[in-house]
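Colleague: Here is my input, please return the structure:
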Amino acid sequence: MTEPDDKIRCDACPVMCFIRPGMSGACDRYANQGGQLVRVDPHVLLDRTLSAGGKLVPNITPDPQTGIGDWSVEDIVTLLNTGQTPEFDFVGGAMAEIVRNTSRLDEADRRAIAVYLKSLPPIGSQKKGPQKKDR
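Modeller: Coordinates of the predicted model:
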């Protein structure tokens, strides 16, 4: 579906974001290339980000070493609702903006996002994602 400003709607996950031309969606898995929704290879995206002077972002795949593999679905639902991590810390920066939006979703939608994130294949990263500490 194309909007008047050439954004396309991505329906690959429950977020259903609109993607501007030349940009990727919130998940960075799909992009708008010439008005078409295309799958973005994670390694291509990482290389493109780093070569453009970007920084590494935390890994939110279920990779146990560098991602959120040790987070439960409940941990993710709580983060999407309140911004609180399993370590009782709170997210900031761009993630705080995401939480402002996901906190407005109903519980079932937040749970669907959490289940979706846990279903992704683990991808190792150069930067560690948020990790649970032994309590």
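Colleague: List the residues that contact the residue nearest in space to the middle of the chain.
Modeller: In the chain, the centroid-proximal residue (C-alpha atoms, centre = their mean) is C27; its distance is 4.2 Å. Contacts here follow C-beta atoms under 8 Å, 6 or more residues apart in numbering; on that basis C27 touches 12-13, 15. Quick note: C-beta positions are derived from backbone N, CA and C, even for glycine.
Colleague: Any stretches of the protein with poor pLDDT?
Modeller: Applying pLDDT under 70 to the chain picks out residues 1-4, 41-56, 126-135.
Colleague: how about the strands of it, start to end?
Modeller: Applying DSSP state E to the chain gives strands spanning 8-9, 18-19, 30-33, 36-39.
Colleague: Can I get those in JSON lines including distance to P64 and mean neighbour count?
Modeller: Shown next, in JSON lines, are the strands of the chain (distance: least, C-beta to C-beta, whole Å; neighbours: other C-beta atoms under 10 Å):
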{"stretch": "strand 8-9", "distance to P64": "33", "mean neighbour count": "18"}
{"stretch": "strand 18-19", "distance to P64": "30", "mean neighbour count": "18"}
{"stretch": "strand 30-33", "distance to P64": "25", "mean neighbour count": "20"}
{"stretch": "strand 36-39", "distance to P64": "25", "mean neighbour count": "11"}
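Colleague: Mind putting these into a markdown table with distance to D70?
Modeller: A markdown table is the format used below for those (distance: least, C-beta to C-beta, whole Å):
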| stretch | distance to D70 |
| --- | --- |
| strand 8-9 | 33 |
| strand 18-19 | 31 |
| strand 30-33 | 27 |
| strand 36-39 | 27 |
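Colleague: coming back round to it: with the contacts of C27 in mind, which one is nearest to S72?
Modeller: Using C-beta to C-beta, C13 is the member of the contacts of C27 that lies nearest S72, at 19.3 Å.
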